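Peer 1: show me the folded form of this:
(one chain, ligands or ions: 1)
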Amino acid sequence: MMESKNNVCSVMEDDEMDVQVRETKAQSEQSNNNRTNWSNGQCVVAMPSCSMLNPSFDLSLCRAKLENDGFQIPEEDMEAPLKTALEVPSVRRYMVFNSALFHFLMAPVLYLVVWCAVFSTLHVFITVSDYWVLCLSVSLVSIFLTTAIIFILHCSNKEIDMNLDVRLIQVNERLVKHKLMVAVVDWVQSCTGNMQLSFVYWDMSRCLRALTETLEERSFVVNDTQNKLKKKMSHLALVTEETAVDLKVGGSDVEQDPDEQRPLLSQESAGSSTPSSPPEAAKVTTNYSLIPDQSLPAQAKAYQLLMTYSAAYVKLLVSQRLSGPTHHRLRPRRNHCTTAPLCLCQYIKKQILR
Ligand SMILES: [Zn+2]
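Peer 2: Modelled structure (predicted):
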């Protein structure tokens, strides 16, 4: 640091251009030094949601905090894809109704509804002399049913979420170049809901190498591996509605952002006086599967898998829901994360390749 400051001072007399170059060099050195202080899995920025009823995150504040920590990320790599992924009314509604707080509030309501339903059903068919015996048995059945439903919801929250985690894949594809990953995390603590956008430091190189090696080791059982991927990832399919024109013109852009990339007027209707929506027949439903193609090389497959599960992993990492031994010595070898029982590549191996 001192050296770089002295360097800047000595050159000031010579030339202004040189000074600027040196200053930017010093800044980048400083930011690199800041980055080297981070280790995989550390939360760099956690931005709480502005409101629980209309979840949104202050992205400009996120940017300021990240810059303060030495992460210079251009707008097209952060704000733009995050807005496309999260600032959609249907996604916001989903975030409210699928939040941990909503499930928490739903539990007593569900219990009452189940209690009334079971009581009214049993009351008709069974005549009991002791009224309290009926009430007790109805309560026990209601507790069991409510617990089972809450448990199913809790388990489904640990899986990859099609409406949030999958939408964040394209954001993480850009952020991973800056050694960051992002996810929407939410949990209930002291009867209050915590929903936040978490940016976690993650150097992907070691996980990519390890997962590529694993896939290469399995190269003699390619069909077996592919069957496992198909079995575990068959539900991960994106359905998009596109016009025939988009299919001809569009490439990968259509997949990332079908609404904004689509031209408002097709070439045929541009000249006509009535700007009508494209005819029904021109719309085509296309399925995009997230299963890596069998013909891809091992490294490309590994990269695709790491990106697909990045947001789901960060969600579990930050909310401390990754299952595994908590003690350092009991953790599996080659764990690339110091703060969790599993790193991203190990999570993928456990969830999909096992
Ligand atoms: Zn790893």
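Peer 1: burial count for residue 183?
Peer 2: Close neighbours of residue 183, defined as other CB atoms under 10 Å, add up to 25. C-beta here means a position set from N, CA and C on the backbone, and glycine is covered the same way.
Peer 1: oh sorry, the question was meant for residue 320
Peer 2: For residue 320, using other CB under 10 Å, the count is 11.
Peer 1: three-state assignment of it?
Peer 2: Assigned with DSSP: H, G, I helix; E, B strand; the rest coil, residue 320 falls in the coil class.
Peer 1: report pLDDT for it.
Peer 2: At residue 320, the pLDDT value in this model is 87.
Peer 1: that one and residue 43: what is the separation?
Peer 2: Taking CB to CB, to the nearest Å as the measure, residue 320 falls 11 Å from residue 43.
Peer 1: with residue 350 instead?
Peer 2: Taken as CB to CB, the span from residue 350 to residue 43 is 22 Å.
Peer 1: do residue 137 as well
Peer 2: 47 Å.
Peer 1: same check on residue 118?
Peer 2: Distance of residue 118 to residue 43, computed by CB to CB: 44 Å.
Peer 1: can you tell me the SS state at the residue sitting furthest away from the middle of the chain?
Peer 2: Here the chain reaches farthest from its C-alpha mean at residue 129, the gap being 55.4 Å by CA atoms, centre = their mean. State at residue 129, reduced to three classes by three-state DSSP: coil.
Peer 1: what parts of the stretch 151-300 of the chain come near the ion?
Peer 2: Proximity of the stretch 151-300 of the chain to the ion, by CB under 5 Å from the ion, involves residues residue 207.
Peer 1: what about stretch 132-151, average pLDDT?
Peer 2: 90.
Peer 1: kindly report the same for stretch 44-61.
Peer 2: The average pLDDT within stretch 44-61 is 90.
Peer 1: which other residues reach that stretch?
Peer 2: Residues from elsewhere that reach stretch 44-61 (CB atoms under 8 Å, 6 or more residues apart in numbering): 38, 62, 65-66, 69, 71, 78-79, 82-83, 86-87, 92, 95-96, 99, 101, 180, 185, 193-201, 318.
Peer 1: which ones among those residues map onto helices?
Peer 2: 62, 65-66, 79, 82-83, 86, 92, 95-96, 101, 318 (DSSP state H).
Peer 1: from the ion, how far off is the most centrally placed residue in the chain?
Peer 2: Centroid check for the chain by CA atoms, centre = their mean gives residue 311 as the closest residue, at 2.6 Å. Computed as CB to the ion, to the nearest Å, the residue 311 to the ion distance reads 16 Å.
Peer 1: how about residue 216?
Peer 2: According to CB to the ion, residue 216 and the ion sit 15 Å apart.
Peer 1: you'd agree that residue is up against residue 298?
Peer 2: Yes: with contact defined as CB atoms under 8 Å, residue 216 counts as touching residue 298 (4.7 Å).
Peer 1: the more surrounded of these two?
Peer 2: More crowded of residue 216 and residue 298, by other CB under 10 Å: residue 298, with 19 against 14.
Peer 1: residues in contact with the more buried one?
Peer 2: By CB under 8 Å, 6+ apart, residue 298 lies in contact with 212, 215-216, 219.
Peer 1: what about the residue nearest to the centre of the chain, is that helix, strand or coil?
Peer 2: Going by three-state DSSP: residue 311 is helix.
Peer 1: what's the following helix or strand after the host helix or strand of residue 139?
Peer 2: For residue 139, the host element (DSSP states H and E) is helix 131-157. Toward the C-terminus, helix 131-157 is succeeded by helix 169-175 as the next helix or strand (DSSP H and E).
Peer 1: next one: that following helix to chain centre, how far?
Peer 2: Between the centre of helix 169-175 and the centre of its chain there are 9 Å (CA atoms, centre = their mean, to the nearest Å).
Peer 1: give the rounded mean pLDDT of it.
Peer 2: pLDDT averaged over helix 169-175 gives 95.
Peer 1: again with stretch 220-236
Peer 2: For stretch 220-236, the mean per-residue pLDDT is 87.
Peer 1: how about the CA coordinates for it, as PDB?
Peer 2: Once non-C-alpha atoms are left out, stretch 220-236 reads as follows in PDB (Å, rounded to 0.1, in the frame of the first residue of the first chain):
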ATOM      1  CA  PHE A 220     -16.800 -45.200 -18.700                       C
ATOM      2  CA  VAL A 221     -20.300 -45.200 -17.300                       C
ATOM      3  CA  VAL A 222     -21.600 -42.200 -19.300                       C
ATOM      4  CA  ASN A 223     -25.100 -43.700 -19.800                       C
ATOM      5  CA  ASP A 224     -25.400 -44.400 -16.100                       C
ATOM      6  CA  THR A 225     -24.400 -40.800 -15.200                       C
ATOM      7  CA  GLN A 226     -26.800 -39.400 -17.800                       C
ATOM      8  CA  ASN A 227     -29.600 -41.500 -16.500                       C
ATOM      9  CA  LYS A 228     -29.000 -40.200 -13.000                       C
ATOM     10  CA  LEU A 229     -29.000 -36.600 -14.300                       C
ATOM     11  CA  LYS A 230     -32.300 -37.200 -16.200                       C
ATOM     12  CA  LYS A 231     -33.900 -38.800 -13.100                       C
ATOM     13  CA  LYS A 232     -32.900 -36.100 -10.700                       C
ATOM     14  CA  MET A 233     -33.300 -33.100 -13.000                       C
ATOM     15  CA  SER A 234     -36.300 -34.100 -15.200                       C
ATOM     16  CA  HIS A 235     -38.500 -31.500 -13.400                       C
ATOM     17  CA  LEU A 236     -36.100 -28.700 -14.300                       C
END
